[in-house]
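# Fold the following, please.
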Amino acid sequence: MPASIRPGDVLADRYRLVDLLSESGNGRFWRAHDRILERHVALHVIAADDDRAEGLLAAARRSATILDPHILRVLDAERSGQLCYVVNEWGSGTSLDIMLAAGGELSPRRAAWVVGEVAAACARAHAADVPHGRLNPENVLIDTSGAVRVIGWCVDAALHGRPTGRVADDVADLAGLLYAALTGRWAGPSSSAVPPAPTDHGRVLRPRQVRAGIPRDLDTLCDEVLNPQPGCGAMPAEAFRAVLEEFVGDPSGLQESMTSRLVSGAHATVVLPQVPEFTVREAEDLVRGAPAEGPDAAGSEPQGAEEPHEPAEERAEETTGEVTQAEMPGFLVAGAQSSAPTPPPPFEEPPARPLFAPDPPEGAPVRRARQPHPGRDSQQYWPWDTEAGAR
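So this is what the prediction gives:
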């Protein structure tokens, strides 16, 4: 790999290198600008005499045959001088590994939707016998609109020196993606920087054993693919997608909700407006009349000169109000004396009322008819002979 390439260099008189995004081994990944179509592109560059060069160009040709909205397409591939490069469509967003590291696991429904979108791309590519070859969280991108895009179809595996991928490995990686989205652990066969999933005697633990609250349908799907039973064939990507689609149901709003999980690399500086300084005015200045304005006043004193303090007696004659606690004039008549407020009347005890009825006089019945001659079935009685009972 020539060490002389740097930002600003132009490859094939078309692609101007902008940013070096990553460097692995003898390969470099650049963000470049297409000077003909005026757009950003992703550029993978290795040395022309590298052992991976022929396989990289072959992988680019296979990837270009797949047209799917979830896949970032291959736009160009060529040997130019001492370099071999592949140009891919540029995508802006957050990869799944960074999203999980920054914000934690996804909810079960979001996780099923994201992996279901990747499974839909796999189903279309597998129908043409073109597997991805290295389907890990680093190659799953959530763009700025919340859509799911897959990076490096066939090309990423060739850059890592891996042979042509297998369909069964892609399906196992799909289960690993679902496992990672639910638990934050990676269980697929491809390599990844996400922490590995725990195992027990060579068997990957079920997602429900790692994190509580995972639905049983998703737990069973991961376990069937990652820990297959002897004699059972590999699940196709279309069947994997169908299970996730049934679990998600109506996907309305899921794409928009994924934008809340995007990780921004830039931290803008918030500039607050300057707080104005407030001057404290004395209480006597509030009740003082405004200074006279006019040509005479303007010419008599220079601007900014302080007024001389008047005697307290003269100032009291001009003032017709006094300052309250809120520093506002009370509008009282000058010379009026304030009197103390009238105290409230004394509290009077309420009249005593008997708690129980008084005992009747000797020989009198306990109950006396309220009316002189009540009816035979009348129940109207007054318990004691008082003025209230005679009403």
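
# And the chain, what are its domain boundaries?
Listed domain ranges for the chain are 1-90, 92-259 (source: automatic domain parsing).

# Including mean pLDDT and mean neighbour count, could the ones you listed go into CSV?
Bear in mind the C-beta positions are built from the backbone N, C-alpha and C, glycine included. Shown next, in CSV, are these (pLDDT from 0 to 100; neighbours: other C-beta atoms under 10 Å):
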stretch, mean pLDDT, mean neighbour count
domain 1-90, 91, 16
domain 92-259, 95, 19
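
# quick one: R241 from G91, how far?
As judged by C-beta to C-beta, to the nearest Å, R241 and G91 stand 21 Å apart.

# Let me have the domains of the chain in a markdown table, adding distance to F347 as columns.
Below are the domains of the chain laid out as a markdown table (distance: least, C-beta to C-beta, whole Å):
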| stretch | distance to F347 |
| --- | --- |
| domain 1-90 | 83 |
| domain 92-259 | 64 |
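
# Show me the one of these that comes nearest P350.
Closest of the domains of the chain to P350 is domain 92-259, at 64.0 Å (criterion: C-beta to C-beta).

# where's the residue minimising distance to the centre of the chain relative to S107, distance?
With distances taken as C-alpha atoms, centre = their mean, the chain has S260 as the residue nearest its mean C-alpha position (4.1 Å). S260 sits 11 Å away from S107, taking C-beta to C-beta as the criterion.

# Over to V87?
Separation of V87 from S107 (C-beta to C-beta) stands at 36 Å.

# Kindly report the same for L218.
Relative to S107, and taking C-beta to C-beta, L218 is found at 11 Å.

# Please apply the same query to E362.
For E362 relative to S107 (C-beta to C-beta), the value is 87 Å.

# how about the residue nearest to V210 when sequence neighbours are not counted, what does it touch?
Leaving aside its chain neighbours, V210 sits nearest to T183 (4.5 Å; criterion: C-beta to C-beta, 6 or more residues apart in numbering). The contact partners of T183, by C-beta atoms under 8 Å, 6 or more residues apart in numbering, come to 105, 197, 207, 210-211, 214.

# Got the phi and psi for T183?
phi -120, psi -10 (degrees, to the nearest 10).

# Where does the prediction get shaky in the stretch 251-391 of the chain?
265-338, 366-391 (pLDDT under 70).

# ok, now with 80
264-340, 354, 356-391 (pLDDT under 80).

# which SSE is D169 in?
With secondary structure defined by DSSP states H and E, D169 is part of helix 167-183.

# could you dump that helix to PDB, C-alpha only?
Extracted in PDB, the C-alpha atoms of helix 167-183 (Å, rounded to 0.1, in the frame of the first residue of the first chain):
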ATOM      1  CA  VAL A 167     -26.000 -18.900   2.900                       C
ATOM      2  CA  ALA A 168     -26.100 -20.900   6.100                       C
ATOM      3  CA  ASP A 169     -23.500 -18.600   7.700                       C
ATOM      4  CA  ASP A 170     -25.600 -15.600   6.800                       C
ATOM      5  CA  VAL A 171     -28.700 -17.000   8.500                       C
ATOM      6  CA  ALA A 172     -26.600 -17.800  11.600                       C
ATOM      7  CA  ASP A 173     -25.400 -14.200  11.500                       C
ATOM      8  CA  LEU A 174     -29.000 -13.000  11.300                       C
ATOM      9  CA  ALA A 175     -29.700 -14.900  14.600                       C
ATOM     10  CA  GLY A 176     -26.500 -13.400  16.000                       C
ATOM     11  CA  LEU A 177     -27.800  -9.900  15.100                       C
ATOM     12  CA  LEU A 178     -31.100 -10.600  16.800                       C
ATOM     13  CA  TYR A 179     -29.300 -12.000  19.800                       C
ATOM     14  CA  ALA A 180     -27.100  -8.800  19.900                       C
ATOM     15  CA  ALA A 181     -30.000  -6.400  19.600                       C
ATOM     16  CA  LEU A 182     -31.800  -8.100  22.400                       C
ATOM     17  CA  THR A 183     -28.900  -8.700  24.800                       C
END
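
# Quick check: next helix or strand after it?
Defined by DSSP H and E, the subsequent element after helix 167-183 is strand 199-200.

# Direction included, what does that following strand pair against?
strand 203-204 (antiparallel) (DSSP bridges).

# just checking, what packs against the helix or strand following the strand it pairs with?
Note on strand 203-204: by DSSP H and E, the next helix or strand toward the C-terminus is helix 207-210. Judged by 3 or more C-beta pairs under 8 Å, 6 or more residues apart in numbering; DSSP states H and E, helix 207-210 is in contact with helix 167-183, helix 216-226.

# just how off-centre is helix 207-210 within its chain?
26 Å (C-alpha atoms, centre = their mean, to the nearest Å).

# Need the residues that contact it.
179, 182-183, 185, 197-198, 214, 216, 218-219, 222-223.

# can you pull out the helices in the stretch 1-150 of the chain?
Using DSSP state H, counting those that start in this stretch, the helices found in the stretch 1-150 of the chain span residues 53-64, 96-103, 108-127.

# Out of these, flag the one nearest P163.
Checked against C-beta to C-beta, the stretch from the helices of the stretch 1-150 of the chain lying closest is helix 53-64, at 8.2 Å.

# So which elements touch the closest one?
strand 39-47, strand 74-80, strand 83-89, helix 155-159.
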